[in-house]
Structure formats: structure tokens, C-alpha cells
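Colleague: predicted model, plus sequence, below.
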Amino acid sequence: MVQYDTIIIGAGMSGLAAGIRLAHYDQKVCVLERHTTIGGLNSFYRMNGRDYDVGLHAVTNFTPAGAKKGPLARLLRQLRFRWEDFELSEQCGSAIAFPSARLRFTNDIEVLKSEIAREFPNQRDNFERLLGQLADYDDLKQENFAGSARAFLAETITEPLLIEMLLCPLMWYGNAREDDMDYGQFCIMFRSIFLEGFARPFKGVRLILRALVRRFRSLGGELKLRSGVSRIKVDGDRAVGVVLDNGTELWAKRILSSAGIVETQRMCEDITEEVPARAGQLSFIESISVLDCQPNKLGFGETIVFYNDSDQFHWRKPIDSLCDLRTGVVCSPNNYLYPAEVGNLNDGIMRLTTIANFDRWMALDEQEYARQKCWWYDRSVASAVRFVPDFRAHTIDTDVFTPKTIRRFTWHDNGAVYGAPEKKLDGTTHLKNLFLCGTDQGFVGIIGSIVSGISMANMHCLRDP
């Protein structure tokens, strides 16, 4: 019988980070992954001779080399990486684009302050007060986490349009709740995007994933691909092991799952009634355009543009359509401040993200699915070029992934990219030694996911529960 100290379900960022942290303390750790590759949605693939990132637009929570505070500095210390190991280059600058206003921002909060003073001069002092209120938020404090971000903002910001514009990028990059945002999630995302900022490795997400896997394996950790968990074995109030899809049984003192709250409970032998409504509803399509030139040659010099076509931000699953074209995100991985010695990416890339309806995409047969991917690529791009330079004449290759793709690579119900709206910050479940990490614990994004794995490993797996 194979006995582990900790079994980790899922070889995404959080699972690999937790594995490294535990292996540093000589635990016998096994990371199980259902798919043939690592990373979950933050992965990569190769098609037509080109490399593509999946999921990654930007690494948030950027801080420069030598910084002692912040999630990035923390994960480097905890996993014993050097700042140089992730080869992060800062963004050129991004924007929030609404019909009647446009706000630029960079990794320097002073730029956003000046933009708000320009577009909303009567909100300059209010925004300063907001920054003061956010300074000391505790990421792991459950108290009032689920309060309304809209209500919180309205207490300080008196211009409704500015509230909508501030919420737009934060919701797009880390909000599982429709229409509003948890106060706690708002604080986390505000800091990660506006107070810290965006960066990217020149080689994309594969550099980070490969660094994590190499470190995990060098410490004696076991990574098993094509090893999905069909069942978590339960004895009383404790998990004792797992049964894989092929029937193999593995045993462990504790289990850490990045599969999500509902998805993890569904695996447990003692759960007889599932609550599917707890799963998230927000899924996306991503349309990737390969260009014959760098995007800045076409007048697109921004890293990311978050757009919305009215003064009211739209953040809800579309009901009567496959996609909602009223809002979206355009990102170019070319528009980072890469070192001169590496130059820039060979191809120009434009990535466009649009809200989608999971159930409608899943209901399509194979032929109609292929047709709708082409149809919604065209419509999504046509919607986006209202807010960015029109790049369509320079497109030489395309690809689209949908909620169906997201479901296949994350196994999340409803293809929910940000998991369930209800987060469990302490990672606990109904079993004493079964814990959550990753999206449904509450930290999202590349850095957030890694910190989630570290935090839950420290809290629950470095002592006997």
C-alpha cells in the first residue's frame, strides 16, 4: 500500500506550489492531474508551429526586484526562488475604456491618480481616501469578505461612472460573483492590479510552470499525469485516500484539493447530495489573433484594454446568447517592457476575452460548435475594435477556445474560470483533513494561485490535523 503524507488534487499553480512547500519539509507528496499536461487553464499549447498561452494575460501582483513586501516577494521566499527565476517584464501600460471616459494605468499608482484627476476632477480627494481605506486589508480575514464592493465604493466615490470603471478590470480578472463583487475580493484584486501591477515572462506561462515542476521533482515530489481522482475515500470525519479513474487506490494523512468546493465534495464518499447551484456561472471564450506585424505598428501600444460599451458595466452570464459582446478584454503579450537582449515576440498577438454561456456552448454538436467558434470570433473582434485599433486586415492565423475547452482542462462545473462565488478563505471542508486551495479558496491569478497553495500548505499540512 502506497502511503503519502499529503495528496494534492490538481497540477495547477496552487497544487504545484503547495507540493514544493511541503516537499521542502521532507513530506512524501503526490500531485495528481487528470490531464496529460500541467497548469489547468494557465497552461500552453502548440499549433501550426506557434506557441500559445492559455489563460495568462498577465502576472498580477508585480513588485520589482528587492521588494520585501507583497505576494510575489512572499512566494519567492516560501518556495526559495530568486526574483530572476520568473524573468518578469513590466507592462507598457493599460487602459479602462468606456464610451465617455478612458483611464490609463501602469504599475505606478500615480498614473491612475492623475488620470482620475483629469477625467473626474471632483473625485481626486475621494480616490485618495479610498486608497487609505484599502491599505491594511487582511487577505485571510473572512469577516465582511462577502460584503458588497459596490456599496463600499459608493461610501467614498460619488461619481457612478468611476465606480463602474474601477470595478471593470477587477471583476474581469478575478470575480466569480455576478453583477457585484465581494468586498474582500475587491480589496485583493485592487491591490494586485492597481497598487502592484502587471508583468509577464518573455517565454510566457510555460517558464513559470516548468520552474515549479522542476523544483517539485528535485525535492522528491511525485507528479502523476493522466491520474484523475474519481473518489475520495472517507472514514468517519476524515479522508483516508483516493481512488483514481483507473481504480488505483492511494492513501494519505491529508488531502489538498484545487478542484473547487462543489467538485471536491462530489468526490467524497460521504456526500449524498450535491449543491450544483454553488458552482460559478461565469465562463468565457478567448479569441486569439496572430498578426503579420507588432501591434504597436498599428497604433495599439497598450498591454491590456478593458472595455465596456455603456456607462453601466455588464458582468453576468448571457442567457439568450452564446456570448455577451458588450464588454471584453484585449491583451497583447507583445506590449511588455522586455529586455533589449530578447527583443520582442516574433508574431504580433492580440487576445480577446468575451463572457460566454457554458450550457449553450456545451449543447452544440461538433459541426455547429466549429461554425459558432468562427462566427463568434468575427463578432467579438468587431466589437473590440470599437475601442482599439482595427487589426483585422493584418491577421494571419486565429484560434478560439470556449467554455467547453475550459471545462475539459479545469473540470470546473459550468466552465467557471473563477470558480464558485462562495470562497473559503481558510480552506476547510466538512472533513478534518481535507482542504481546499486555488480558485475556491479565494486567491486568483498566477501569483494568487501560487500564494493560495503556499498558504493552505502552511496552515493545514505542516502539522498533523
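Modeller: Thanks, I have the structure now.
Colleague: just confirm Ala356 contacts Pro318, I think it does.
Modeller: Yes. If you go by Cβ atoms under 8 Å, Ala356 and Pro318 touch, sitting 7.2 Å apart. Bear in mind the C-beta positions are built from the backbone N, C-alpha and C, glycine included.
Colleague: more neighbours, these two?
Modeller: For Ala356 and Pro318, the more surrounded residue by other Cβ atoms under 10 Å is Ala356, and the numbers stand at 25 against 16.
Colleague: give me the distance between that one and Leu225.
Modeller: 28 Å (Cβ to Cβ, to the nearest Å).
Colleague: so Ile232 touches Asn433, yeah?
Modeller: No. Counting by Cβ under 8 Å, Ile232 does not reach Asn433; the two are 10.7 Å apart.
Colleague: anything in contact with each of these two?
Modeller: Shared contacts of Ile232 and Asn433, defined by Cβ atoms under 8 Å, 6 or more residues apart in numbering, are found at Ala239, Ile255.
Colleague: neighbour count: those two, which is higher?
Modeller: The residue with more neighbours, out of Ile232 and Asn433, is Ile232; 27 against 19, by other Cβ under 10 Å.
Colleague: ok, the more buried one to Phe306 distance?
Modeller: 39 Å.
Colleague: same deal with Val417?
Modeller: 15 Å.
Colleague: now for Phe306: which residues touch it?
Modeller: Neighbour list for Phe306: Ser94, Ala95, Ile96, Ala97, Cys168, Pro169, Trp172, Thr327, Gly328, Val329 [criterion: Cβ under 8 Å, 6+ apart].
Colleague: repeat for Asp378
Modeller: Contacts of Asp378 (Cβ under 8 Å, 6+ apart): none.
Colleague: for it, give its distance to Thr395.
Modeller: Between Asp378 and Thr395 the computed distance is 11 Å (Cβ to Cβ).
Colleague: tell me how this protein divides into domains.
Modeller: Following automatic domain parsing, one finds the domains of the chain at 3-86+204-278+421-461, 105-196, 281-410.
Colleague: same question for the longest one, mean pLDDT?
Modeller: In this model, domain 3-86+204-278+421-461 has a mean pLDDT of 92.
Colleague: ditto for the second one
Modeller: Taken as a whole, domain 105-196 has a mean pLDDT of 92.
Colleague: please apply the same query to the last one.
Modeller: In this model, domain 281-410 carries a mean pLDDT of 96.
Colleague: all further residue positions should be reported with the first residue as 5.
Modeller: Happy to do that; since the first residue is 5 now, the last one works out to domain 285-414.
Colleague: what's the end-to-end length of that domain?
Modeller: Domain 285-414 stretches 14 Å from its first residue to its last (Cα to Cα, to the nearest Å).
Colleague: how about the shortest one?
Modeller: Between the opening and closing residues of domain 109-200 there is a gap of 11 Å (Cα to Cα).
Colleague: now the strands for the stretch 5-154 of the chain?
Modeller: Remark: strands assigned in the stretch 5-154 of the chain by DSSP state E, counting those that start in this stretch are 7-13, 33-36, 47-51, 54-58, 92-94, 98-102, 105-109.
Colleague: which residues do Ala360 and Pro322 both contact?
Modeller: Shared contacts of Ala360 and Pro322 (Cβ under 8 Å, 6+ apart): Asp328.
Colleague: that older thread, winner for burial among the domains of the chain?
Modeller: Mean neighbour count (mean count of other Cβ atoms under 10 Å) peaks for domain 7-90+208-282+425-465 among these, with a mean of 20.
Colleague: gap between it and the chain center?
Modeller: 13 Å (Cα atoms, centre = their mean, to the nearest Å).
Colleague: nearest residue to Leu165 other than its sequence neighbours?
Modeller: Asp315 (5.2 Å; Cβ to Cβ, 6 or more residues apart in numbering).
Colleague: so who does the one you found touch?
Modeller: Per Cβ under 8 Å, 6+ apart, neighbours of Asp315: Phe102, Pro103, Ser104, Pro164, Leu165, Glu168.
Colleague: at 10 Å what do you get?
Modeller: Contacts for Asp315 (Cβ atoms under 10 Å, 6 or more residues apart in numbering) come out as Phe102, Pro103, Ser104, Ala105, Pro164, Leu165, Glu168, Met169.
Colleague: for the third one, which non-adjacent residue is spatially closest?
Modeller: Right, the one you point to is Ser104. In this structure, Ser104 finds its nearest non-sequential neighbour in Asp315, 6.4 Å apart by Cβ to Cβ, 6+ apart.
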